[in-house]
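Novice: Give me coordinates for this.
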Amino acid sequence: MLKTIEGTYQDGQIQLAELPQNISNHSQVLVTFLDPGKIDPTKLRQLIDQLETIEGIQQGFEELNSGQTRPVGNFVQEMQQKYGISG
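Specialist: Predicted structure coming up:
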């Protein structure tokens with residue numbers, strides 16, 4: 001699982017902007033220090049969005065590999081019936 005949370009480092013301590021949800025007490029972490037004078041908030045948000053996209057793709061592969069998916073034809077048929085769409 002990949003989860004990105006913003007925070008700050010001060011006096012040897014990392015303060016998270018929010019507490020992580022659904023994370024094990026013994027999860028491995030990577031910490032990246034950003035130069036405060038060179039942070040572009042837009043690029044930082046884009047990086048976080050990209051990391052979250054990678055997490056979503058990874059979760060999809062995990063669901064596929066564990067058999068938690070269904071054929072697309074079944075999905076299409078269900079949506080056609082549910083919304084009265086003719087195929």
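Novice: in this structure, which spans are strands?
Specialist: 7-10, 13-16 (DSSP state E).
Novice: Please dump those into JSON lines; it should also carry mean neighbour count and mean pLDDT for every row.
Specialist: Where C-beta positions appear, they are placed from N, C-alpha and C, glycine not excepted. As requested, those are exported to JSON lines (neighbours: other Cβ atoms under 10 Å; pLDDT from 0 to 100):
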{"stretch": "strand 7-10", "mean neighbour count": "10", "mean pLDDT": "90"}
{"stretch": "strand 13-16", "mean neighbour count": "10", "mean pLDDT": "92"}
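Novice: Let me have those in a markdown table, extended by distance to residue 82.
Specialist: Below are the strands of the chain laid out as a markdown table (distance: least, Cβ to Cβ, whole Å):
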| stretch | distance to residue 82 |
| --- | --- |
| strand 7-10 | 43 |
| strand 13-16 | 41 |
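Novice: any idea how far the spatially most central residue of the chain lies from residue 38?
Specialist: In the chain, the residue lying closest to the centroid (Cα atoms, centre = their mean) is residue 52, at 3.1 Å. Distance of residue 52 to residue 38, computed by Cβ to Cβ, to the nearest Å: 23 Å.
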